[in-house]
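Trainee: just need the structure, nothing else, for what follows:
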Amino acid sequence: MTPLLLVLLVCLVIYTSFTWILPRGVAWLVKRKYKIHLRVGHISLPYFILRDVIISKNGFTIEIEEITVRSSLFSSDVAKLLAVMMHDVRINKDVPVCPTRMNQVKSNPMDFRNRKVPPMIITFVQFMAVHIENLNLLALGDGWLANGSAESLSLDGSVVHGARTLLVGATVAGGAMKLLRHASDACLSQVSFAGNVEATIQAQGELTVEKLNVGVTQCEGSGGLALVQFVRDRKSGGSPREDDLQDGSSQEILARLTPIIPKDLSMKIGSSSIIVGREDPVLTGLEGTMKNLLVTMRFSPDSGQTSLSLNLEGLSVRGKLPVLSLHSLSISSKLRDNTLTIDTRLATLSLTYDHRDWESFLSGQPPGIPTSRVSSPSRIPWI
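Mentor: You can find the predicted model right below:
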């Protein structure tokens, strides 16, 4: 019996060390080195799954129900050395109004010159990837509440060109954002989307964002006059941050932000629709649809040359009757040697204006905006 009891005792010590002592030891090290409060509920064996993880710092609270670590050494489905899988992640953030904090931010404007990418981030991108399922974000402010969610979020990257270039990518599926007002709990606006972001950053030397590609495959949104009134109320309250851009000349502000301004920017938005109207689900004011939008920009800080192009296809706005129809629009602009050149091409523009319809819409009278002629009023479930 003695050997059996000894084996059981050793197993108990090992189990206790992994499930109770190790989580608290890791939390103590993280708090001491990074000043981040970490709490791990327990670790499940034998697959080493972290459960009930809570991370808090600077007003942010991250709650993770489950964290699983996979490796390419043991699974051919994993491309990176370590792949971190997170399930049911909740991020909370309080946004208090603190004049003292705002004054500190104002006295220390953001300056990205002479900044470098931390080596820890380069190591993380080179050997690790993160995949999150069921992500929820909550931001609580003065009189407003912002709620975001995503079915899945994937973060991946790589180091190329002899560790000189850092490629970072993020993919979002089933994303949604909602803005509410505390007093009435009414939804002021809501947007659902899916897309991806890819960035190319100079890994060695000073921080420089070389390329940024943004792709939105689908986008649907809604809003109303309550959102416009909410924005007006926020502006009327005033904020010290509005004067931040007045500190220094435009050249100085541009010099501070040049490192993070993409030198080559590309943004593509696919089929999208936006509904603007009253909160009453029976009524729909205006519905706008767009087939495709492509925006490209090239910025050269050395020569001061900037070019911007916009290509829009299939824009349509309708209410009681069709209001605006545009087949295609192309705008190309270039700024060089303080000379701005703009080239515009327009194809098949149709515009209808009825003062009575707009007057009834802006005054909020329901009879002026029937919904029988609005296409697909139930396409977006929150209307």
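Trainee: how is the chain partitioned into domains?
Mentor: In the domain annotation for the chain, the residue ranges read 1-94, 95-129+153-213+225-261, 271-383 (automatic domain parsing).
Trainee: which of those sits closest to Asp142?
Mentor: Asp142 lies closest to domain 95-129+153-213+225-261 among the domains of the chain, at 5.1 Å (Cβ to Cβ). Backbone N, C-alpha and C define where each C-beta goes, glycine included.
Trainee: lowest-scoring secondary structure element of the chain by mean pLDDT?
Mentor: helix 99-107 (a mean of 47; mean pLDDT, DSSP states H and E).
Trainee: show me how far stretch 286-302 is from its chain's centre.
Mentor: 17 Å (Cα atoms, centre = their mean, to the nearest Å).
Trainee: now the element after the least confident helix or strand of the chain, going C-ward?
Mentor: Next along the chain after helix 99-107, taking DSSP states H and E as the criterion, comes helix 119-127.
Trainee: other residues contacting that following helix?
Mentor: Lys80, Leu81, Leu82, Gly157, Ser158, Val159, Ala163, Leu166, Leu167, Val168, Ala203 (Cβ atoms under 8 Å, 6 or more residues apart in numbering).
Trainee: identify the farthest-apart pair in those.
Mentor: The widest separation within these (Cβ to Cβ) is 19.5 Å, between Leu82 and Ala203.
Trainee: looking at those two, which one has more neighbours?
Mentor: For Leu82 versus Ala203, the count of surrounding residues by other Cβ atoms under 10 Å is larger for Ala203: 23 against 15.
Trainee: where is the longest helix in this structure?
Mentor: Looking across the chain with DSSP state H, the single longest helix is helix 2-16.
Trainee: circling back to that earlier point, would you reformat the domains of the chain as a markdown table and include distance to Ala139?
Mentor: Shown next, in a markdown table, are these (distance: least, Cβ to Cβ, whole Å):
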| stretch | distance to Ala139 |
| --- | --- |
| domain 1-94 | 5 |
| domain 95-129+153-213+225-261 | 6 |
| domain 271-383 | 19 |
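Trainee: tell me which of the ones you listed sits nearest to Gly141.
Mentor: Closest among the domains of the chain, once you apply Cβ to Cβ, is domain 95-129+153-213+225-261, at 4.0 Å.
Trainee: closest to Leu73 out of the contacts of helix 119-127?
Mentor: Once Cβ to Cβ is applied, the member of the contacts of helix 119-127 that ends up nearest Leu73 is Leu81, at 7.3 Å.
Trainee: local confidence estimate at the closest one?
Mentor: Looking at Leu81, its pLDDT is 86.
Trainee: and it, how many neighbours?
Mentor: Leu81 - counted by other Cβ under 10 Å - has 12 other residues nearby.
Trainee: the chain should start at 43 in everything you say after this.
Mentor: That works, and once the first residue is 43, the last one we named lands at Leu123.
Trainee: that one - nearest residue in space that isn't next to it in sequence?
Mentor: Phe169 (4.4 Å; Cβ to Cβ, 6 or more residues apart in numbering).
Trainee: how near is that neighbour to Ala121?
Mentor: Note on Phe169: its distance to Ala121, by Cβ to Cβ, to the nearest Å, is 11 Å.
Trainee: which one of the domains of the chain lies closest to Trp186?
Mentor: Using Cβ to Cβ, the domains of the chain put domain 137-171+195-255+267-303 closest to Trp186, at 6.0 Å.
Trainee: quick one: distance of that closest one to the chain centre.
Mentor: Mean-position distance between domain 137-171+195-255+267-303 and its chain equals 8 Å (Cα atoms, centre = their mean).
Trainee: before we move on, what about stretch 296-316?
Mentor: The answer for stretch 296-316 is 13 Å, by Cα atoms, centre = their mean.
Trainee: and for stretch 102-111?
Mentor: Mean-position distance between stretch 102-111 and its chain equals 19 Å (Cα atoms, centre = their mean).
Trainee: who touches it?
Mentor: Contacting residues not belonging to stretch 102-111 are listed as 89-98, 124-135 [Cβ under 8 Å, 6+ apart].
Trainee: from these, list just the buried residues.
Mentor: Leu92, Arg93, Val95, Ile97, Ala125, Val126, Met127, Met128, His129, Val131, Arg132, Ile133 (16 or more other Cβ atoms under 10 Å).
Trainee: list phi and psi for the first one.
Mentor: In this case it means Leu92. Here is the backbone geometry of Leu92 (degrees, to the nearest 10): phi -90, psi 130.
Trainee: if I read this right, it contacts Ile85, doesn't it?
Mentor: Yes: with contact defined as Cβ atoms under 8 Å, Leu92 counts as touching Ile85 (5.7 Å).
Trainee: what touches both of those two?
Mentor: Counting by Cβ under 8 Å, 6+ apart, the common neighbours of Leu92 and Ile85 are Pro65.
Trainee: mind listing what the helix or strand where Glu252 lies pairs with, with the direction of each?
Mentor: Using DSSP H and E, Glu252 sits within strand 251-265. Counting by DSSP bridges, the strands paired with strand 251-265 are strand 229-244 (antiparallel), strand 306-311 (parallel), strand 314-318 (parallel).
Trainee: which one of the ones you listed lies nearest to Thr348?
Mentor: For Thr348, the closest of the strands paired with strand 251-265 is strand 306-311, at 10.6 Å, according to Cβ to Cβ.
Trainee: residues near Leu354, how many?
Mentor: With other Cβ under 10 Å as criterion, Leu354 counts 19.
Trainee: I figured it hits Met332, correct?
Mentor: Yes: counting by Cβ under 8 Å, Leu354 touches Met332, with 7.2 Å between them.
Trainee: what's the closest non-adjacent residue to Ala268?
Mentor: Leu230 (5.3 Å).
Trainee: from Ala188, how far off is Asp153?
Mentor: 28 Å.
Trainee: between these two, who's got more neighbours?
Mentor: Higher neighbour count among Asp153 and Ala188: Ala188, with 17 against 13, using other Cβ under 10 Å.
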